[in-house]
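Engineer: Test case, fold it:
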Amino acid sequence: MSKHEVGYDYDRYRKLLAEATDDAKRLELIDLMIKEGARDRLEAQRTSDRVAMTAVTVAKILGPGGRRDQFRGD
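Structural biologist: Coordinates of the predicted model:
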């Protein structure tokens, strides 16, 4: 992962890794990273769902042809 990616706290994970001097601490770090990764994916899915619902709502309001129907010369 890139150091600058949103949601990935490189410095924090680096510090936690340095502190993980035994198997128990390393397993805790792995568990934490898995949980936080799952949380980030869930939030991304929720955002995607909201965007999709907004698009559907706008499409319903505008109708099948959108506002283009108002400008036809028929």
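
Engineer: so which helix or strand takes in the most centrally placed residue in the chain?
Structural biologist: Nearest residue to the geometric centre of the chain (Cα atoms, centre = their mean): residue 44, 2.1 Å. Following DSSP states H and E, one finds residue 44 within helix 23-62.

Engineer: Then residue 64?
Structural biologist: Using DSSP H and E, residue 64 falls within no helix or strand.

Engineer: Residue 14 and residue 29, how far apart?
Structural biologist: Distance of residue 14 to residue 29, given as Cβ to Cβ, to the nearest Å: 11 Å. (C-beta placed from N, C-alpha, C; glycine too.)

Engineer: Looking at those two, which is more packed in?
Structural biologist: residue 29 (15 against 11; other Cβ atoms under 10 Å).

Engineer: What pLDDT is listed against the more buried one?
Structural biologist: Per-residue confidence (pLDDT) for residue 29: 90.

Engineer: My guess is it contacts residue 17. True?
Structural biologist: Yes. Using Cβ atoms under 8 Å, residue 29 is in contact with residue 17, at 6.3 Å.

Engineer: list the residues that contact both of the two?
Structural biologist: Common neighbours of residue 29 and residue 17, counting by Cβ atoms under 8 Å, 6 or more residues apart in numbering, are absent.
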